[in-house]
Each structure stands twice: as structure tokens, then as C-alpha cells.
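*Asks:* curious how this folds, go ahead:
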Amino acid sequence: MSRVPTDLAKKLRADLDHAGYYPDVVEGVINIALGDEPVTSFLVHPETTFDETEVFRHLTALVLSPTRLVVAHVDDAPGADDRQAALATTDSVALGQVRSVTLTHGVSEPTRGSGMQTQELTLAISWGTAQSVDLQPASCGDPDCEADHGYTGTLVPEGVELRVSAQAEGSGALHGALEFAHVLSTATSRGQSA
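*Replies:* Just a heads-up that it's a prediction; the model follows:
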């Protein structure tokens, strides 16, 4: 791309470098999704999860432009001949299509009179009309029952959810998440970026 990076685009790249998870790949897919639009705000959220035998890394970057929210997600993937590989997905959502921005604040010392002390933030963004269904066999609670009780399920709206904690990611990451949430809430209330 021949576009000249703005100061915010440079800060986005610095955050991608700091996260250390395929920054060239993440920046590349974001640039394709943004097209010619500038970055107006962003949030980079790396996450590592573990099971008994493996470590799984992934990264989600939320990037606002004047007209869209770009959600980039990158995961490790199995590669040929035991080489490293990654899957990078972007979703570009028109700001007018964002249905809700839900913010859940974990607040310490809520009775303290000096203002709200957010210690963690869960940011949930939903858009569009598509929903996924998570189905599982229904049961009656009787461990000896062999009857078919059908299925039960949960409808999950199309979207993304991120949790940022001062204890886990640091106060700087939490401050950045709160700032992004403010800009996103303002932008989606108008249907365009702030």
C-alpha cells in the first residue's frame, strides 16, 4: 500500500510490535480491510491460553475508521511440514450496522467517593442480523433418565467480546481499552466516527 501512515496508524503499528504476535500479518490484513480510510481509534488485544499440553496464542485488533469498525483476528494454525502458520480474518462493519456496544466495568471500592476506579473492562460489540446457535442435548436432571429431551441452545449475536484487566494486561492497556470504548460508543451513536 502506498498510503502514508498517520500518527494513529504508527501508534497502532507500535502496539502490534509490542504485542509481538505476527505484527506484519496483522498490519497487512488491517490495511487491506481499511482501504484508503485512516485509523481514528484502535485497540490491540493479544491473548494466550493454555491446555494441559499446548499453548494457544491469538490476537484481536479493533480498528475504527471514519465509516467502519474493522475487527482483525489472528490465530496460530497448523502448517505444512511442521512449519508455523497463522489464520488472519478481518470483518469490516459499517458503523451504522453496529447494533450494540456493551461495556461491563469491574469497579474496585465502589463506595469510595473519589470517582469510579475501573479495574477491568469487558467490551462486547454486536452487529448485523446473523446469529449463531450453540446447541447441546437437553436433559431433565435425572442421571438415570434415558428419555430423549431434545436439544437446548443459546443464540449468540454476530460480534466480538474482549476483556481487558489492569491486573493481567496492565493499567496502560486498560486505559487504552476505556479510551477506545468511549470513541466507539460516540461513533456508533452517530453512525460515524467521532
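
*Asks:* ok, Pro110 - contacts?
*Replies:* Met116 (Cβ atoms under 8 Å, 6 or more residues apart in numbering). Heads up, the C-betas are built off the backbone N, CA and C, glycines and all.

*Asks:* next: Gln84.
*Replies:* Counting by Cβ under 8 Å, 6+ apart, Gln84 has contacts Asp76.

*Asks:* that one pairs with what?
*Replies:* Pro78 (DSSP bridges).

*Asks:* mind listing the strands the strand of greatest length in the chain pairs with, and their directions?
*Replies:* Counting by DSSP state E, the longest strand found in the chain is strand 117-137. When pairing is defined by DSSP bridges, strand 117-137 lines up against strand 98-108 (antiparallel), strand 151-165 (antiparallel).

*Asks:* pull out the buried residues from the helix or strand hosting Leu87.
*Replies:* Here Leu87 sits within strand 84-94, counting by DSSP states H and E. For strand 84-94, a neighbour-count test (16 or more other Cβ atoms under 10 Å) marks Ala86, Ala88, Thr90, Asp91, Ser92, Val93 as buried.

*Asks:* tell me which two in those are the farthest apart.
*Replies:* Distances among the buried residues of strand 84-94 were taken as Cβ to Cβ; the most separated pair is Ala86 and Val93, at 22.3 Å.

*Asks:* out of the strands paired with strand 117-137, flag the one nearest Arg57.
*Replies:* Arg57 lies closest to strand 151-165 among the strands paired with strand 117-137, at 15.3 Å (Cβ to Cβ).

*Asks:* number of nearby residues for Asp17?
*Replies:* The number of residues packed near Asp17 is 14, by other Cβ atoms under 10 Å.

*Asks:* and it, what does it touch?
*Replies:* By Cβ under 8 Å, 6+ apart, the contact set of Asp17 is Pro23.

*Asks:* gap between the helix or strand containing it and the chain center?
*Replies:* Per DSSP H and E: Asp17 is located in helix 7-19. Its chain's C-alpha centre and that of helix 7-19 lie 16 Å apart, by Cα atoms, centre = their mean, to the nearest Å.

*Asks:* need the CA coordinates for it. CSV is fine.
*Replies:* C-alpha atoms of helix 7-19 as CSV (Å, rounded to 0.1, in the frame of the first residue of the first chain):
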residue,chain,number,x,y,z
ASP,A,7,0.2,9.2,13.7
LEU,A,8,-2.5,6.9,14.9
ALA,A,9,-1.5,4.2,12.3
LYS,A,10,2.0,4.5,13.6
LYS,A,11,0.8,4.0,17.2
LEU,A,12,-1.3,1.0,16.0
ARG,A,13,1.9,-0.5,14.5
ALA,A,14,3.8,0.2,17.7
ASP,A,15,1.1,-1.6,19.7
LEU,A,16,1.2,-4.5,17.2
ASP,A,17,5.0,-4.7,17.6
HIS,A,18,4.7,-4.6,21.4
ALA,A,19,2.2,-7.5,21.3
